[in-house]
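In: fold the stuff below for me.
(2 chains)
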Amino acid sequence: MTAVCDSCLSTIDVTDNNYRILTQYFAKTRTFTPIIPLGTRGELMGRRWEVIGFLVRMDLASSFTWEEYLLFNPYYGYRWLTHNAAHWSFVTPIKEKPTIRYDRRAILGSEAYRLFYNGRVEVLYVLGEFYWKVKGGTQVDMADYISPPKMLSSEKDENEVTWSLSEYVEPDVIRKAFKIKEDLPRRYGIGANQPSKWGAILGQIGRLWVIFFLILTFLEICHVVGASNKTVFSATYPYPGGKTSVVTPVFTAEKKLANLRITFTAPVDNNWFYAAGELVNKDTGEIYPFERTVEYYHGVDSDGAWSEGGQSSQLLIGSLPEGRYYLNFDTDSGGYSGTFGVTVRRDVPTFANYFWCLLAISIVPAVVWWRSRSDEVGRWSQSDYSPYQSSDD
Amino acid sequence: MTRFYVISSAAVCAVFIYASLTGWKIIDLDGTGGSKPAGPGHYHK
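Out: Numbering: from 1, shown residues only, chains lettered A, B, ... in the order given. As a prediction, the model looks like this:
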């Protein structure tokens, strides 16, 4: 057992009768100030803890440092509080040994933890009391496996491997627990085991999306099955070519409000047929202008046979009131002559609304997924074992 | 966010039902207008 004097920073073996000084701190000029002063008591995770030790550790490969506070309760023993890039975790030593799988996952109970960090660390600074002999310069091998908000950590020295399980704690909880008056350092980035708020709702939003998708699909089926799709006018006209004018007989569009589809057909071949005019309500005089082109081209070139366009063209007028209507239009063509047909259908089934609504209900899930993924990419950018990086990176 | 999503998606379903019943085009990309002859090569290059 050791204690480090917070005045002269000497490490003392308190089990030695002579209070042998293990080491004068190797770099007195290099000091760290604990955010939670030693001796502070606070209630965390439903229990009262006293901060009795403080140490700073450094990853030897990157020189990245973090702080660890040793907490003590005479009934419950020791716990740790880690402070890493302004992210806090409550650490409980565990006796169970997790199973390490070939895919760098640690299994503890029914939960899988993914390897996040593996490296050698050194104690850089130490202050307070500890239940083992610790001094500046002590090195161990560490590994962290995460499953936010939890993290499994192992420490290995020459004698043993110890495991601990930590849980992410919001900084505000720490501040209130230990009655810290100053503002805690601002978090930057997302912590290794910090739960993503977007990730937390992604599953919920995803399940809701499936429900709304099924509802919309059911409604679309009802719409398609229920549409009367009634032909209210159909005629074939001889077409001598060039500009002509056509006025159709009056037809009746039933149903108070429904769509109306006008389809022009012409057996054009490497040619076009054009109609421009309006649908006229005979009773009110209201007009619905339109232009349609039927054009069909085909041929063979160095890439093989090709074709484009078709021999029909249609337009859909939405929310057309019931009434008596006729079509009044002019035609033209690029040299085509023969016949052309006009068909008018009332209350036809459509799919555009269904797809627009699917798109609308997918926007929020897409944003949540994207934000959740950004969080995960940010989290794993701090790791050498990121699943978001290819081996070429 | 979840609540907002439930409310907005329920509203989308309501709009869909209204559109299905009245023939309303929720988004009318080409209106009732249309196309003029484009000639060959419009799509095929």
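
In: can you mark which positions in the helix or strand A:Cys222 falls within are buried?
Out: Here A:Cys222 sits within helix A:197-226, counting by DSSP states H and E. For helix A:197-226, a neighbour-count test (16 or more other Cβ atoms under 10 Å in any protein chain shown) marks A:198-199, A:201-202, A:205, A:208-209, A:212, A:215-216, A:219-220, A:223 as buried. C-beta coordinates here come from the backbone N, C-alpha and C atoms, glycine included.

In: same check on stretch A:96-105?
Out: Buried, per 16+ other Cβ under 10 Å, within stretch A:96-105: A:98, A:100, A:105.

In: contacting residues around that stretch?
Out: Applying Cβ atoms under 8 Å, 6 or more residues apart in numbering or on different chains, the contact partners of stretch A:96-105 are A:106-108, A:112-115, A:145, A:152, A:161, A:163, A:385.

In: what are the ranges of the helices in chain B?
Out: Counting by DSSP state H, chain B has helices at residues B:2-22.

In: same for the helix holding A:Cys222, what does it pack against?
Out: Counting contacts by 3 or more Cβ pairs under 8 Å, 6 or more residues apart in numbering or on different chains; DSSP states H and E, helix A:197-226 packs against helix A:352-380, helix B:2-22.

In: any idea how far it is from the chain center?
Out: Centroid separation for helix A:197-226 versus its chain: 18 Å, with Cα atoms, centre = their mean, to the nearest Å.

In: average pLDDT across that helix?
Out: Per-residue pLDDT values over helix A:197-226 give a mean of 94.

In: does A:Leu115 have beta-bridge partners, and which?
Out: Counting by DSSP bridges, A:Leu115 forms beta bridges with A:Tyr145.

In: again but with A:Gln314, I slipped
Out: Bridge pairing for A:Gln314 - DSSP bridges - gives A:Thr263.

In: now do the same contact list for it.
Out: A:261-264, A:292.

In: helices and strands of chain A: which one has the lowest mean pLDDT?
Out: strand A:21-23 (a mean of 54; mean pLDDT, DSSP states H and E).

In: output the helix or strand just after it as PDB, nothing but the C-alphas.
Out: Proceeding N to C from strand A:21-23, the next assigned helix or strand is strand A:41-44, under DSSP H and E. Once non-C-alpha atoms are left out, strand A:41-44 reads as follows in PDB (Å, rounded to 0.1, in the frame of the first residue of the first chain):
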ATOM      1  CA  ARG A  41     -17.100  12.900  -0.600                       C
ATOM      2  CA  GLY A  42     -20.000  12.500  -2.800                       C
ATOM      3  CA  GLU A  43     -22.900  10.200  -3.700                       C
ATOM      4  CA  LEU A  44     -22.600   8.400  -7.000                       C
END
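
In: quick one on the thing from earlier: so which of the buried residues of stretch A:96-105 comes closest to A:Leu320?
Out: Nearest to A:Leu320 among these is A:Arg105, at 61.2 Å by Cβ to Cβ.
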